[in-house]
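*Asks:* After the sequence you'll find the predicted model.
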Amino acid sequence: MNQKKYVLKRTSQTGLVKKIDEARFAINYQEELNASQFEAASTVNGCYLIIAGAGTGKTRTLVYRVARLIELGYDPNSILLLTFTRKAANEMMKRASMLLDDRCSKIRGGTFHSFANLTLRKYAKAIGLDSNFTILDQGDSEDIINLIRSQDRFLTKDKRFPNKQTLNKVYSLSVNTGKKVEVIIENDYPHFLPLLDKILEIQKIFTEYKRRNNLLDYDDLLVYLREFLHKDSPAVKALLSEIKFVMVDEYQDTNHLQAEIVKGLAKYNKNVMVVGDDSQAIYSFRGADFHNIMEFPKLFDDVKIIKLEENYRSVQSILNFANRINESAVEKYKKDLYTRRGSGELPNIVAATTDNLQSKFIVEKILDLREEGIPLKDIAVLFRSSFFSFDLELELSKANIPFQKFGGMKFVETAHIKDVMAFLRIVVNPKDVISWYRVLLLHEGVGPKTAQRILDELATARITIKAEPDNQPGFKHHKLGPLFYLLYELQKKKYLPSEMVQKVYEYYWELFKANYDDWNKRKKDLEIFQNIVENYSSIESLLSDMAIEPIIESVLDVEATDKEEEYITLSTIHSAKGLEWHSVFIIHAVEGYFPSARSVENLDSLEEERRLMYVASTRAKNNLYVSYPMNLFDREAGMTLSKPSRFISEITPDLAEGWLLEDDF
């Protein structure tokens, strides 16, 4: 009998979809989520882009997906959830744990930087790093750059040299966007082009200095992680064999480097879900790239796009307003936000004769809303740039309306907390020159020259904190004896972080009072820091967390507002993203201000300004007021006539009611 050959073809994974019995789960996912959310949350293998419009329950969807994967029997440790703040990661893990059980808190959740920090320390040998590296914050990086740029060969009398902040910004932008330093200087700082060779030389010395002293800045964490992931070493295979699912929140805020990290993380398993909203991509000034989310379908094969369009925050009239702004965007994923909350009142576009009349209107309206029972905490005034609110702040103060303006220095950037952390960082990494420099200069009689001499002796091991000061022939700095005894004791004995900080405080107290005139106000921060430290069992993890994710604001910044139980929020739109209020005012919607005059020259910048207006308007739940002064004072031209922003000029009468303010004050 002639037998025909029959070749078996393996069924592809995608060709055979196993139907999952929903009754097996403790949670009724279909009932608790809308159809699009359920589609996203019930995915298992494959590549997905979730386009989540403002207020559409993006976090809820991610939380339910985490719970469902665990209910399906996947190891929590095989799920990696990357977010932009530690708070967001903790919030999601907490919500998932409350939804299902404690297994959800065991997933790998954190920021790109915290994940990079843990991975680099674990696989330091394979990467060619010392696992005790110190993480530099922005201020530290700037200080090192300043030490280098202060050398005689870089400073010229006839030409202004870029300051440390500018140089750090340029180098960082280059790393995060993948653009050459030359291109950034040419586009943003053309007046420094003649100094390009020196700027590049400083960068080279800066990079070498960090490597030699076991120092990594924020950008280095991501650079080293990307390089590690793009190799096929046994260490990479070991890490990626543990991670089965990669999830990324707020993908529209990723930069070039982070997109490459995501690609590297999913290169074997090809199970990746990124969630974001192209219409809320507003952070290009930080190096975020809007095109990452637009081009994600090209990063992996067979990417499925799921859109979340049902909004749970705003009334329909506000969504119609936002949809219209978004409609004119040149490049976008088309989406139409809708709600079941009802139509609500039309937004108002308010034309005021002057800037001051605009402020007076807002004050009066806030008082009206409060009479209607809307708490001050549920009202916000948003603006494109911080200085737009100066006139309003005066009027609010006159009317005795308390407010909190978002911005200000973060807790770990305050000088006294940086002092304390410098002591701790020396103990962990005795090569940390910047921390040494900071600690030495706190002492009376130690100036830059003496500090440098001591640093040289440390570098040549004539003095060290690894041995008792009295037993070191090179130790001549008797005045600094107590400092070296403290550091010797701290690195020799295995103290808990809280005990270590207590020892540092005892030594630092007199220096603290001598160095800060307002030490009495600042001492509360030291108490807060001590409370934070109590939660840590390892000094290394404390320092890493404090560097990667500043924990809280300083009491110096929040003390004034804390006394008031109730206050309205004044905020730049950038700081307001992710938040919501009952009633929102968007002020100064004037052509040349919002959009800014500079953005009009470049299509990408102009489109980002449009997205800013979209983000601002979708913060409102019930009431939205967009106002602009018709006359603005120009120092040279005097009072000039202004044009309303092009974004509100597109709004038709069926979408918003126009008001013209008359001065009855």
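*Replies:* Everything's here; your move.
*Asks:* Would you mark the buried spots in stretch 30-38?
*Replies:* 33-34, 36-38 (16 or more other CB atoms under 10 Å). (Each C-beta comes from the backbone N, C-alpha and C, glycine too.)
*Asks:* give me the low-pLDDT residue ranges for the stretch 1-150 of the chain?
*Replies:* For the stretch 1-150 of the chain, applying pLDDT under 70 flags the ranges 1-18.
*Asks:* Which residue ranges of it form helices?
*Replies:* For the stretch 1-150 of the chain, applying DSSP state H, counting those that start in this stretch gives helices covering 29-32, 35-41, 58-71, 86-99, 112-122, 124-127, 138-149.
*Asks:* any idea which of those helices is most buried?
*Replies:* helix 58-71 (a mean of 23; mean count of other CB atoms under 10 Å).
*Asks:* elements contacting that helix?
*Replies:* helix 29-32, helix 35-41, strand 47-52, strand 79-83, helix 86-99, strand 245-248, strand 272-276 (3 or more CB pairs under 8 Å, 6 or more residues apart in numbering; DSSP states H and E).
*Asks:* So in that sheet, which strands flank the fourth one, and in what orientation?
*Replies:* Paired strands of strand 79-83, with direction, are strand 108-111 (parallel), strand 245-248 (parallel) (DSSP bridges).
*Asks:* residues in contact with the first one?
*Replies:* The one in question is strand 108-111. For strand 108-111, the external contacting residues (CB atoms under 8 Å, 6 or more residues apart in numbering) are 77, 79-86, 89-90, 92-93, 115, 118, 243, 548-549.
*Asks:* can you confirm residue 528 is in a helix?
*Replies:* Yes. The assignment for residue 528 is a helix, going by DSSP: H, G, I helix; E, B strand; the rest coil.
*Asks:* What's the local residue count around it?
*Replies:* 17 (other CB atoms under 10 Å).
*Asks:* With residue 546 instead?
*Replies:* By other CB under 10 Å, 23 other residues sit near residue 546.
*Asks:* got it, and residue 387?
*Replies:* When neighbours are defined as other CB under 10 Å, residue 387 has 9 of them.
*Asks:* Could you do residue 646 as well?
*Replies:* 17.
*Asks:* returning to that earlier point: got TSV for the helices of the stretch 1-150 of the chain, with distance to residue 233 too?
*Replies:* Listed next are these as TSV, based on distance: least, CB to CB, whole Å:
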stretch	distance to residue 233
helix 29-32	39
helix 35-41	34
helix 58-71	28
helix 86-99	27
helix 112-122	13
helix 124-127	6
helix 138-149	29
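*Asks:* Of all these, which one is nearest residue 296?
*Replies:* For residue 296, the closest of the helices of the stretch 1-150 of the chain is helix 35-41, at 14.6 Å, according to CB to CB.
*Asks:* Does anything pack onto the closest one? Which helices or strands?
*Replies:* helix 29-32, helix 58-71, strand 303-308.
*Asks:* Let me have the ones you listed in CSV, extended by distance to residue 426.
*Replies:* Converted to CSV, the helices and strands packed on helix 35-41 look like this (distance: least, CB to CB, whole Å):
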stretch, distance to residue 426
helix 29-32, 51
helix 58-71, 40
strand 303-308, 48
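*Asks:* mind listing what's buried in stretch 382-398?
*Replies:* Buried-residue list, stretch 382-398, by 16+ other CB under 10 Å: 382-384, 388-389, 391-392, 395-396.
*Asks:* Any idea how far apart the tips of that stretch sit?
*Replies:* 20 Å (CA to CA, to the nearest Å).
*Asks:* before we move on, back to that, right, so of the helices and strands packed on helix 58-71, which gets closest to residue 341?
*Replies:* helix 35-41 (16.8 Å).
*Asks:* in the chain, which strand has the most residues?
*Replies:* Ranked by number of residues, the top strand in the chain under DSSP state E is strand 620-629.
*Asks:* Please save the CA atoms from that strand in CSV.
*Replies:* Included here for strand 620-629 are C-alpha records, laid out as CSV according to Å, rounded to 0.1, in the frame of the first residue of the first chain:
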residue,chain,number,x,y,z
ALA,A,620,-12.5,69.0,35.8
LYS,A,621,-15.3,66.9,37.0
ASN,A,622,-18.3,69.3,36.9
ASN,A,623,-17.3,72.9,36.2
LEU,A,624,-14.7,74.2,33.7
TYR,A,625,-13.8,77.9,33.2
VAL,A,626,-11.2,79.0,30.7
SER,A,627,-10.3,82.6,31.0
TYR,A,628,-8.1,85.2,29.2
PRO,A,629,-7.3,88.9,29.6
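*Asks:* Quick check: residue 627 vs residue 364, distance?
*Replies:* According to CB to CB, to the nearest Å, residue 627 stands 12 Å off from residue 364.
*Asks:* meant to ask about residue 271, not that
*Replies:* 55 Å.
*Asks:* and if you look at residue 247?
*Replies:* Relative to residue 364, residue 247 is positioned 46 Å away (CB to CB).
*Asks:* Please identify which of those two sits among more neighbours.
*Replies:* residue 247 (25 against 15).
*Asks:* residues contacting that one?
*Replies:* With contact set as CB under 8 Å, 6+ apart, residue 247 has these partners: 62, 65-66, 79-82, 272-275.
*Asks:* Name the nearest of those residues relative to residue 423.
*Replies:* residue 82 (32.3 Å).
*Asks:* Isn't the closest one up against residue 116?
*Replies:* No. Counting by CB atoms under 8 Å, residue 116 is not a contact partner of residue 82; they are 10.0 Å apart.
*Asks:* so how far is the longest strand of the chain from its chain's centroid?
*Replies:* Between the centre of strand 620-629 and the centre of its chain there are 27 Å (CA atoms, centre = their mean, to the nearest Å).
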